[in-house]
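# give me the fold of what follows.
(2 chains)
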Amino acid sequence: MANKPPLPSIDEILKLSQLKEFMRDEVMDAVSKPANSKKILAVDPSIVGMLMSVLDTTDLAAAMKPTGVVDVQHLTNDKLTATPMSPRNVIYIVRANITAMKVIARRAKEDAAAHRNVDVYMVPRKTRVCERILEELRAKEHINTLADLELDLLPIESDYLTMDLDSCFREVSLEGDASSLAHIAKSLMKFQAFYGNFPTVRGKGKHAEMVAKMLQRMKSEVAEAEFRTGQPPEIEALYIFDREVDCLTPMLTQKTYEGLLDEFYGINGQLFKPPFDVSDEDPKQNGKTHKLTSESDKVFKLIRGVHWSNLNVEIKSCISSVKLQIDEKERLAELKEMREYMGRVSSIVDEKTQCAMHLAIAKEVSELVNGKDFVTLSDIQQDMLNGVNESKALDYIEECIFKSEPLPKVLRLVCMQSMTFGLSPTKYSSLKTQLVQNYGMQVLLTLDNLERANLIDRKKGSTANSFKSWIKSQIANERPDEKEMAQPKDISYAYGGWVPPLARLSEMAVTGKLQWNAMEAALSEIPGPTFSYSEGGYEDGPVGSRVIMLFFVGGITYSEMALLRFIKDLAKTRYAEEGIETSVIIATTKVVNGTNFVEKLYGALR
Amino acid sequence: MDTVAEDWTELGKDKNGHSIVYRRQFCYRMRWNVDMGQCLVAAAPFGGPVAITRNPNVLVQATKPSTKPMVGVYSSSGGLISQFAQQGSIIFGLDWSSEEYLITLFSDGSIFSQDIHGTLRGRDNLGVNTTVLAASFHSRGVAVLLADMQLIHVAYRMNESKVWGINVMASVGLSHKPLCLQVIPPKDEDTDISEVRVLISPDAKDSPQGTLFAVDFQRKVDLQTKLPHVHKIAVNPKGTQVATFCEGGYVNILSVDLRQYYAKFSTKSQEAPRQLLWCGNDVVACVWCPDQLNGPDSLVLIIAPCQEHTSIKSEGTIFVVPELDCMRLLMSSECGIFEKVPICTRDTFALDPDIPETDVTRLLDAYRDFTKQRAASVKSIRQLSGGKLENAVDGCIDVASQEWEPEQQQLLLKAAHYGKSFCKGYDTEKFVETCKALRVLNAVRAAEIGIPLTWHQYNYLSPQVLIDRLLNRRLHFMAYKISQYLDGPTNNHIKKILIHWAFEKVKAKLTDDEIVKCIQEKFKDCPGISYKDVAQRAYALRKNNLAIKLLEKEPKASSQVSLLISMQESEMALDKAIDSGDTDLVYLVMLRLKREVPDDQLIRTLSYKPVARDLFLSYCEHLDQKLLRKYFATEQLHHQTAFQAIRDYFTEGNDHNKRARHLREAQDAFSKRKDRGVERDLMIEQDKLITKQRAYAEKFKDPRFTTMQLSVAATLKHLFSIKELKEADKMKSDFGVSDKMFTWIKLRSLSKHGHWAELESWSSKLGRKSPIGFRPFFDTYMKFDKKSPAKIFVTKIEDYAERCEAMCSLEMFQEAIKVAEYERDIGILEAIRGKAPASYKATVDTAIARLGG
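Numbers count the residues shown, from 1 in each chain, chains lettered A, B, ... in the order given. The predicted model follows:
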């Protein structure tokens, strides 16, 4: 058995591990108190993934053990599961929102009655209003410590950070609660404390602009001396984009490897548990949770963003490269060479296992994508984008409803229908009736939410028009053929011809193909305000290397991320000629897919 | 220069047998015209301000009847700082607290604390209908003996919010006014105030032999000192020794616990001096005023422990202020300091032949030679070898720091600088710091400012406290310059100074805009400075508009909001919070409004502020649904009322009546809007549905019809699962279920539950007409691997391509080829060739050939 591989490094572009360690220390500090005593940890399930990421573990309980945590529970509406023998200390890690406060208030009272000592940590930070609510619910007096746990913008890979705020889009676009925007701005302030000022902040979209304004304001509030100044900034520019600019893309079915895994099976953070066997030879590999990351999985790094049609080719080329490496052994003569080879053996073995695993997964995936359901769905989506066969699309939606297909799938299609063809009130009414008759009356609440979040336009209106022309302009005239999928030249490959607007905007930002300010005409076609702030005092233009940070408010899909990496590669080649190293850091509130995106907008039943 | 030592007075010898010398330093020619003889005088230590008011016990011819007593506050150089009429009754005594607040005690037991300009900070009453018998002030409090023989201690400045703490001390058990009362203050600033003790010298009627009582908060102790009746007591600055003036004219020096007896000196005066005080920690001074001496002069008798003594005579009344290391002499015409000559100074300038020449003296001589361009200079320097020169430079700096005259300081510092240039690697920090400090000292000692601080006092006080005191005197510019000089252009003290300055500025009689402009001008160089405190000050002065204008400039939204809230400007606070984009702030103001304002008004306010409104709605959705409903009703958001009713419907459990009520509410609400016709109809349908479900539950004895909250489709499915096909048909027509939907549901339900017979009889009745075509039927059978019944549907599939595909999956390749050929579709033929076994290859190829492919 090979030695345990070292923890994957995430410092390729920036020393992101500093930030991660900072957060890790904060977590460990929080759960270590009170020192030398045993405690129960109750965590909001939506935070568990982040905790595991920050601690680099798949077993939270084991990672927490050294701090005296003897029991890790998911915080639910139910009572704390405690026995008379349970420790007298309970640590709660929750989100700072009203729902969580209601749970905490009830729990804290129960704990107080059972003479347990209660500490509450709020992620990413406590808010005054949460404190007030705890006061109003008469629970604050039962809480020993009420503190921040600044788990915000967490580095996941060397080019990717997430805040894991899964309710961001709902809160901001539906409920009008900008709290998460403030969290974003604060986390970006923290980021700047680590990696220097952003000399330029640009972006598109209402909420992106709000974040940028908050950033400006926060900077002005911080006295000069407290901010890291004088040091050259490590980031050339920050671009903030708002999901609201384009909600059509998440509705589409993804076509890249990683995107498909998320669509079909769901990826939890980076963790993926295939619901099928991945190896006939090594049963240990089956039923195991895999960590999907470029940092330790070289094969995955190569294929994660690949269009499914090209998947097998790519994996097979990986396999042959591994084979070549293995065969190398035969030709080794010198001792020195042998020694060098032995040093690589474990990584070659890993790579071989990874190849086998991905091949098995790809087989399952291609069965699904070649199935009739997937093909029909893809065709319908393509028709919608092209604006042809409107009635066929409607018939298909109806059929899905009648066949009781999963509601998210249906809703994604309804949203798409509204965003592309538009839904006339008559058609919408009949769809509504059918939805209610099949999925029950609560669908009305969800539809109302989708309407209010502008995913469905209730009055087939003018608002969609400008966007529609944009859509038209973004569709490649012909669907790219197989050859193009293999060697994509354009960012239209990941969605089979459709260029996600956020990817197009990012392309403008990263490749510098066109100057941002000179782009006004193009930018004005996309809904939402465009903004650009620059801070003086920094040299313009890249010197040696340029790092661009892209922040997506409200989430992006894995396929969009694949495109961003593709854009980075394009820019890298372009600037390499000028001797400039180009890197991109992707940050978002949450990686989403259409299904969980829509599910988050369900009409909540209290 | 050798005349420096001429005025020195010797008062005893030190351990080495050298003279201990004292000097009198002239500070100022007084700028005032005050006769202290008829006044109560209180002077703060550390060169602090002097408060003077008419002594109510001295009769003077009243110029105006019943005028309020006036208090004048002067600097040590006699410059008037402020003058104000005191509001209380007869002033009993006054003194300064350690933070330079003027404490005034009135005969009726009321007590005031005021700043240097007479602004009242706090007032209190120590008793009702009482009079003050005696009082003794110290820097952190005052002990007061009231007529009812209750001893009370008032501690100044407990914390930010409390001006003082009043505590009753142990019972003194006396019946007559004591001869004297003296507080022994806590040892230093850090010692708890509860360690205060009061020494009381009882009247002869209470104690014929005379003794001293020590009283603290717990008990009274008779110290049995065996001293004759004590008339005056003074504690030295260190708090280690006391001096007493006893009957018979004796001054005794004892340890502070009065157990050890150090010295006794006969003043040969029967009358107790007006003042008994310490000059530094070694010598004691008695002050007799002209009215006691029946002459024009005052006399200050200075007594050293070794019985040596000297005296100062002065025309008119003198007031002597005990200082940490000296005493300050306030006279009508001049102000001076009487202090011990520091040893380094003495050794440098002494005329005493017993004192050997020091290195400092040699360096000084060398420097003088240097200025006269004599070669001897370098030679003298050379003699100072082996670290001696460094010591001499250090010494020179030390002596300079003790000097009062700038010329003298300069001479010494130049000498030090000269010597320094011969030292390799001499650390210049001391030199630089001393120069800086002396510049500051000279600046505050100037007559215009009038703070005669000694070097030692300055270091004890710290520059920051000095700056604070300058601020209290409204000497902002001086404070600003000093702070900038000492700590650089933007330190936190500069901010403090600017804010303090602004506090005064808001009082100015200018328009609000002018004031704001003025303050902004000064604040602009100080990023991060807070306008909020200034605005708060303006608000406290009831200049609300000014406060709001100042708040506009405040960079921190939270500061803006918190002050606006306390100004009751909740709506403006809400606007500011919204502008800041800080949701937390908006929430906070909104919750406050919710508490303060009636619901209707709140709703009106919020309806114009979407950001706050949305937060309000999501708050209410979680915690106050009643208010939420009220909002929807007021704002006529009927569809939202309806959605709320739907939510309630789902939380209502299984209570049919309640559910029906919610549905009717939703239906009514939807009816109020033209564009919600479908929703209204759906509510009606839902009502019908639950009624129907209840009927089914009863009819089929199946509670699942009502408990599972089934939709129309689910109800149909359930009917099919229990083979109630007729009821399903009826329901279809009742609920206007479309043919397509019904067919899908029926097909899927019957197959899912294995009701194949029913499925077969139904499908056969369909003939060639199916609302959804026959492909789904075929697929369904294939899904359950029922190939032969599936075959029935193959030919019924309308779309020939689909038909071919279906045929292929049943391996009916021959038929498929036929259809494809008939439809002339080469593409399909090629697809068939891909799927079919090799044996069909030839057939396909011929078919393709026939079609000319």
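
# wait, doesn't A:Ala362 sit right on A:Tyr257?
Yes: here A:Ala362 reaches A:Tyr257: they are 7.3 Å apart, a contact under Cβ atoms under 8 Å. Any C-beta I mention is one placed from the backbone N, CA and C, and that applies to glycine too.

# of these two, who's got more company?
Ranked by neighbour count (other Cβ atoms under 10 Å in any protein chain shown), A:Ala362 and A:Tyr257 place A:Tyr257 first, with 28 against 21.

# hang on, the more buried one packs against A:Leu302?
No: counting by Cβ under 8 Å, A:Tyr257 stays clear of A:Leu302, with 9.8 Å between them.

# any residues in contact with both of A:Ala362 and A:Tyr257?
Counting by Cβ atoms under 8 Å, 6 or more residues apart in numbering or on different chains, the common neighbours of A:Ala362 and A:Tyr257 are A:Leu311.

# what score does the closest residue to A:Lys206 other than its chain neighbours have for pLDDT?
Spatial nearest neighbour of A:Lys206, chain neighbours left out: A:Gly528 (5.4 Å); criterion: Cβ to Cβ, 6 or more residues apart in numbering or on different chains. Turning to A:Gly528, the model gives it a pLDDT of 83.

# what does A:Glu226 give?
The model reports A:Glu226 with a pLDDT of 50.

# repeat that for B:Leu747.
At B:Leu747, the pLDDT value in this model is 94.

# can you name the residue of chain A nearest chain B?
Minimum separation of chain A from chain B (Cβ to the nearest Cβ) falls at A:Gly176, amounting to 2.7 Å.

# touching, that residue and B:Val611? I think so.
Yes: assessed by Cβ under 8 Å, A:Gly176 is found in contact with B:Val611 at 6.6 Å.

# ok, back up a step: phi, psi of the residue of chain A closest to chain B?
Main-chain torsions, A:Gly176, degrees, to the nearest 10: phi 70, psi 20.

# neighbours of it, how many?
For A:Gly176, the neighbour count with other Cβ under 10 Å is 18.

# find the helix or strand that the closest residue to it other than its chain neighbours is a member of.
Here the nearest residue to A:Gly176 in space, its sequence neighbours aside, is B:Asp614; by Cβ to Cβ, 6+ apart that works out to 2.7 Å. Assigned by DSSP states H and E, B:Asp614 falls within helix B:610-623.

# in terms of secondary structure, what does that helix contact?
helix A:98-113, helix B:570-580, helix B:583-596, helix B:599-607, helix B:625-634 (3 or more Cβ pairs under 8 Å, 6 or more residues apart in numbering or on different chains; DSSP states H and E).

# residues making contact with stretch B:475-493?
So stretch B:475-493 is contacted by B:436, B:439-440, B:443-444, B:449, B:463-464, B:466-467, B:470-471, B:494, B:497-498, B:500-501, B:504, B:525-527 (Cβ under 8 Å, 6+ apart).

# now, which of those lie within helices?
Counting by DSSP state H, the part of the contacts of stretch B:475-493 found in helices is B:436, B:439-440, B:443-444, B:463-464, B:466-467, B:470-471, B:494, B:497-498, B:500-501, B:504.

# out of those, which are buried?
B:440, B:443-444, B:463, B:466-467, B:470-471, B:494, B:497-498, B:500-501 (16 or more other Cβ atoms under 10 Å in any protein chain shown).

# which one of the residues in chain B is closest to chain A?
Nearest to chain A, among the residues of chain B, is B:Asp614, at 2.7 Å (Cβ to the nearest Cβ).

# B:Leu574 - nearest residue in space that isn't next to it in sequence?
B:Val589 (4.7 Å).

# so, low pLDDT: which residues of the stretch 151-300 of chain B?
Across the stretch 151-300 of chain B, the stretches falling below the confidence threshold (pLDDT under 70) are B:158-161.

# show me where it has strands.
With DSSP state E, counting those that start in this stretch as the criterion, the stretch 151-300 of chain B has strands at B:151-156, B:164-168, B:180-184, B:197-201, B:213-215, B:220-222, B:230-235, B:241-246, B:250-255, B:261-266, B:275-279, B:283-288, B:297-303.

# one step back: I'd guessed the residue of chain B closest to chain A sits against A:Ser173; true?
No: under the criterion of Cβ under 8 Å, B:Asp614 makes no contact with A:Ser173, lying 10.8 Å away.

# between these two, who's got more neighbours?
More crowded of B:Asp614 and A:Ser173, by other Cβ under 10 Å: A:Ser173, with 23 against 19.

# from B:Cys620, how far off is that one?
20 Å (Cβ to Cβ, to the nearest Å).

# same thing with B:His656?
28 Å.

# those two: who's more crowded?
Neighbour count, other Cβ under 10 Å: between B:His656 and B:Cys620, B:Cys620 has more, with 18 against 13.

# isn't that one right next to B:Phe632, touching?
No: under the criterion of Cβ under 8 Å, B:Cys620 is not in contact with B:Phe632, lying 9.9 Å apart.

# buried ones in the helix ranked longest in chain A?
For chain A, the longest helix by residue count, based on DSSP H, is helix A:335-370. Under the neighbour-count criterion of 16+ other Cβ under 10 Å, helix A:335-370 has A:348, A:350-362, A:364-365, A:369 buried.

# do it and chain B meet at all?
No: residues of helix A:335-370 contacting chain B under Cβ under 8 Å from any Cβ of the partner chain: none, with a closest distance of 13.5 Å.

# what is that helix packed up against?
helix A:257-264, helix A:298-303, helix A:311-331.

# what sits against B:Val144?
Here B:Val144 is in contact with B:105, B:109, B:111, B:126, B:132, B:134-135, B:151-154 (Cβ under 8 Å, 6+ apart).

# give me the element it is part of.
Element membership for B:Val144 (DSSP H and E) is strand B:141-146.

# again, but for A:Lys186
When secondary structure is defined by DSSP H and E, A:Lys186 falls within helix A:179-195.

# centre of the chain to that helix, how far?
The chain centre lies 17 Å from the centre of helix A:179-195; the measure is Cα atoms, centre = their mean, to the nearest Å.

# which parts of stretch B:25-32 are buried?
For stretch B:25-32, the neighbour count (16+ other Cβ under 10 Å) marks B:25, B:27-28, B:30, B:32 as buried.

# before we move on, back to that, the longest helix of chain A: how far from the chain's middle?
Relative to its chain's centre, helix A:335-370 lies at 26 Å (Cα atoms, centre = their mean).

# likewise for stretch A:187-199?
The chain centre lies 21 Å from the centre of stretch A:187-199; the measure is Cα atoms, centre = their mean.

# using PDB, write down the CA coordinates of that stretch.
In PDB, the C-alpha atoms belonging to stretch A:187-199 read as follows (Å, rounded to 0.1, in the frame of the first residue of the first chain):
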ATOM      1  CA  SER A 187     -15.200  38.100   3.200                       C
ATOM      2  CA  LEU A 188     -13.600  40.000   0.300                       C
ATOM      3  CA  MET A 189     -12.300  42.500   2.800                       C
ATOM      4  CA  LYS A 190     -10.700  39.700   4.600                       C
ATOM      5  CA  PHE A 191      -9.300  38.300   1.400                       C
ATOM      6  CA  GLN A 192      -7.700  41.600   0.700                       C
ATOM      7  CA  ALA A 193      -6.100  41.700   4.100                       C
ATOM      8  CA  PHE A 194      -4.400  38.500   3.100                       C
ATOM      9  CA  TYR A 195      -3.600  39.100  -0.600                       C
ATOM     10  CA  GLY A 196      -3.600  42.900  -1.000                       C
ATOM     11  CA  ASN A 197      -6.000  45.400  -2.300                       C
ATOM     12  CA  PHE A 198      -8.000  44.900  -5.500                       C
ATOM     13  CA  PRO A 199      -6.800  47.800  -7.600                       C
END
